[in-house]
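A.B. asks: Got a sequence here, can you build the structure:
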Amino acid sequence: MVGEEESKIMSTRDALNIAIEQDLDLVMISPGAKPPVCKIMDYNKFLYEQSKKEKEAKKNQKTVELKEVRLSPTIEEHDVQIKANNAIKFLSNDNKVKVSIRFRGRQNNFTSLGYKVLEAFAAKVGDVGVIEKPAKLEGNNMIMILAPKK
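C.D. replies: Predicted coordinates for the structure are as follows:
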């Protein structure tokens, strides 16, 4: 009777007696239903199998990391290329890339240079990445987030 799926409407006392006879537990599955739905099972075995399923699901998950590449508004072309190569490496490993530029002192007056640098950077990594969050000035920093292309 343990392996069989049998559904009957019975009193709680009768169901509890059957569970005790079979050395199993009476588990309430759906308390909101009329009448409430209960199941006779080995509850510890059920919890163990649930935890195994959760571990397996967690093992198959891919965590996406956010890598950062820092630039300067006065960065040279060759340096941009090197940083872009690093970003391409991160994007090809399915990580997101946060590209940031810090403005210092008088550079705050020329934030348009930062937009140009970020546009050029996005163009260099355009084959493997797509702009997820466009360039935005936040205080002294300008930030853009790139995501890998699917």
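A.B. asks: in the helix or strand where Ile20 lies, what counts as buried?
C.D. replies: Assigned by DSSP states H and E, Ile20 belongs to helix 12-21. Using 16 or more other C-beta atoms under 10 Å as the burial criterion, the residues of helix 12-21 that qualify are Ala15, Ala19. C-beta coordinates here come from the backbone N, C-alpha and C atoms, glycine included.
A.B. asks: Average pLDDT for it, rounded please.
C.D. replies: Taken as a whole, helix 12-21 carries a mean pLDDT of 90.
A.B. asks: and if you look at stretch 133-150?
C.D. replies: On average, the pLDDT along stretch 133-150 is 91.
A.B. asks: quick one: contacts of that stretch?
C.D. replies: 66, 87, 91-92, 94-104, 108, 111, 114-115, 118-119, 121-122, 125, 127-132 (C-beta atoms under 8 Å, 6 or more residues apart in numbering).
A.B. asks: Tell me the helices and strands packed up against the following helix or strand past the helix holding Ile20.
C.D. replies: Sequence-wise, the next helix or strand downstream of helix 12-21 (DSSP H and E) is strand 25-30. Packed against strand 25-30, as judged by 3 or more C-beta pairs under 8 Å, 6 or more residues apart in numbering; DSSP states H and E, are the following elements: helix 12-21, strand 37-41, helix 43-59.
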